[in-house]
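>>> Structural data only, the sequence is not supplied:
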Ligand code: FES
């Protein structure tokens, strides 16, 4: 397990999503009521940044065709996407938001 700091807490306001470029591609870090979740920032429907999306509770909606995903699991909640988003483990150490981009936290199926 190799966590690395990708952001600090002050970079992601309440109900906001931050795009971070990493060696495994762009990752979106979501702030859900002070809990942080990291997912692939590329919608599985087409190549579109999920960090542009609307975050409401644990649900992130793609702005291009309105697919919805659960940021906790990556599961698809609403079409047209059919494949889940990759998720990554997150830990908060002080003000640092650390993500293990080497690990696939979840191979969640379609909801
Ligand atoms: S690109 Fe996200 S729903 Fe189509």
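Nice, thanks for sending it over. These numbers were taken from a predicted model, which means no experiment stands behind them.
>>> which parts of stretch 64-79 are buried?
Neighbour-count burial for stretch 64-79, with 16 or more other C-beta atoms under 10 Å as criterion, is recorded at 64, 67, 68, 69, 70, 71, 72, 73, 74, 75, 76, 77. The way it works is simple: take the backbone N, C-alpha and C, and place the C-beta from them, glycine included.
>>> Show only the entries of those found in strands.
In strands, defined here by DSSP state E, the members of these are 68, 69, 70, 76, 77.
>>> From these, pick the one nearest residue 6.
residue 69 (19.3 Å; C-beta to C-beta).
>>> What pLDDT does the model give the closest one?
Residue 69 is assigned a predicted lDDT (pLDDT) of 98.
>>> Also residue 107?
For residue 107, the predicted pLDDT is 49.
>>> Also residue 97?
Residue 97 carries a pLDDT value of 98.
>>> ditto for residue 102
For residue 102, the predicted pLDDT is 88.
>>> My read is that it contacts residue 2, right?
Yes. Because the distance of 5.0 Å satisfies C-beta atoms under 8 Å, residue 102 is recorded as touching residue 2.
>>> if you count what's nearby, which of those two comes out ahead?
residue 102 (13 against 9; other C-beta atoms under 10 Å).
>>> Let's verify that one: helix, strand, or coil?
Assigned with DSSP: H, G, I helix; E, B strand; the rest coil, residue 102 falls in the coil class.
>>> what's the answer for residue 51, then?
helix.
>>> quick one: contacts for residue 99?
3, 4, 6, 20, 22, 27, 29, 38, 88, 89, 90 (C-beta atoms under 8 Å, 6 or more residues apart in numbering).
>>> sec struct for the third one, please.
Put plainly, it is residue 6. Applying three-state DSSP: residue 6 is strand.
>>> That one contacts residue 97, doesn't it?
Yes. Between residue 6 and residue 97 a contact is recorded at 6.2 Å, counting by C-beta under 8 Å.
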